[in-house]
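K.L.:
Attaching a predicted model along with its sequence, questions to come.
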Amino acid sequence: MVESYRTIPLNFRIQDEASMQRASQAFYELMSRRRTVREFSSRDVPESVLENALMTAGAAPSGANLQPWHFVVVKDATIKDRIREAAEIEERELYENRASEEWLGAIAPLGTDANKPFLEEAPALIAVFLKRFTVDESGDRHKTYYPSESVGLATGFLIAALHNAGLATLTHTPSPMKFLRDILERPSTERPFLLLVCGYPVDDATVPDIERHSLQEISTFI
Ligand SMILES: Cc1cc2nc3c(=O)[nH]c(=O)nc-3n(C[C@H](O)[C@H](O)[C@H](O)COP(=O)(O)O)c2cc1C
């Protein structure tokens, strides 16, 4: 056994089946009300709620427990402006030149275009960075394991936590996103993973009328 391997008691409470049924149903109903919002009001969000949601994200599982994520919360209006400007340059290029007809067809039902006013209007942008390497005290780089899977899981925790707290989000992936690393001055060992726009919807917000695949379509029990 590895010398540094230590254990602590697992804090796990077995629930009766009726409680499990109620909890799973309630969580499903809560999460099925989550929708991606693209029209945000400028109403500020409580910082302590963001902090709790980020700690929830930080509790996600990760390859070799290397926790290969970093979250930058942007509330500063000037930096949000710069992010909007850089994102719209990339998005215009994407919509006008880079995106294939197939891609444009796939996103057509969402009604999105190259204009991203929410990057300025929403009170908080959470830039999620993926650490390709960790750097130890002596400056040596160590590769992370399964960073995409790990950061995807942490982001899922984050979206769920924000939704549970009564905040709306937009998962935004301007393509490419390198400008985020430059504007937010993150090290080259990190890669921008996505930008989570966070706040409250405007009063008359609408969302695309979409359908979810059924349980039968998305799962197989053997
Ligand atoms: C990885 C990922 C990237 C996304 N990128 C964008 C984006 O750049 N712009 C956007 O408007 N929506 C984006 N979305 C949101 C999806 O369009 C949205 O989740 C999907 O249409 C389902 O709608 P719902 O989230 O309301 O259930 C993204 C979602 C994911 C998971």
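P.N.:
Good, I have the coordinates. Residues are numbered from 1 along each chain as shown.
K.L.:
what's downstream of the helix or strand harbouring Ser19, the next helix or strand?
P.N.:
Here Ser19 sits within helix 17-32, counting by DSSP states H and E. As assigned by DSSP H and E, the chain's next helix or strand after helix 17-32 is helix 47-57.
K.L.:
Show me what whichever helix or strand comes after that following helix is packed up against.
P.N.:
Next helix or strand after helix 47-57 toward the C-terminus (DSSP H and E): strand 69-74. Counting contacts by 3 or more CB pairs under 8 Å, 6 or more residues apart in numbering; DSSP states H and E, strand 69-74 is packed against helix 47-57, strand 124-131, helix 147-164. For the C-beta atoms, the positions are set from N, CA and C on the backbone; glycine is no exception.
K.L.:
Strand 69-74 pairs with which strands, and in what direction?
P.N.:
Strand pairing for strand 69-74, determined by DSSP bridges: strand 124-131 (antiparallel).
K.L.:
residues making contact with the strand it pairs with?
P.N.:
The contact list for strand 124-131 (CB atoms under 8 Å, 6 or more residues apart in numbering) reads 45, 50, 54, 66, 68-75, 80, 83, 119, 144, 147-148, 151, 154-155, 158, 180-181, 184, 186, 189-199.
K.L.:
Quick one: closest of the helices and strands packed on strand 69-74 to the ligand.
P.N.:
helix 147-164 (8.1 Å; CB to the nearest ligand atom).
K.L.:
tilt between that closest one and helix 17-32?
P.N.:
90 degrees (axes from the mean of the first three to the mean of the last three CA atoms, to 10 degrees).
K.L.:
how far out from the middle of the chain is helix 147-164?
P.N.:
Taking CA atoms, centre = their mean, to the nearest Å, one finds helix 147-164 lying 6 Å from the centre of the chain it belongs to.
K.L.:
and the angle for the lengthiest strand in the chain with helix 47-57?
P.N.:
For the chain, the longest strand by residue count, based on DSSP state E, is strand 190-199. If you take the same axes, to 10 degrees, strand 190-199 sits at 130 degrees to helix 47-57.
K.L.:
Pairing partners for strand 190-199, with directions?
P.N.:
Within its sheet, strand 190-199 is paired with strand 124-131 (antiparallel), strand 168-172 (antiparallel), according to DSSP bridges.
K.L.:
tell me, which of the contacts of strand 124-131 make contact with the ligand?
P.N.:
Leu194 (CB under 6 Å from any ligand atom).
K.L.:
Quick one: name the residues of the protein near the ligand.
P.N.:
Applying CB under 6 Å from any ligand atom, one finds that the chain approaches the ligand through 35-36, 38, 110, 112, 171-173, 194, 207, 210.
K.L.:
Find the nearest non-adjacent residue to the most centrally placed residue in the chain, please.
P.N.:
For the chain, Thr155 is the residue whose C-alpha lies nearest the centre (CA atoms, centre = their mean; 3.9 Å). Leaving out its chain neighbours, the residue that sits closest to Thr155 by CB to CB, 6 or more residues apart in numbering is Val128, at 5.5 Å.
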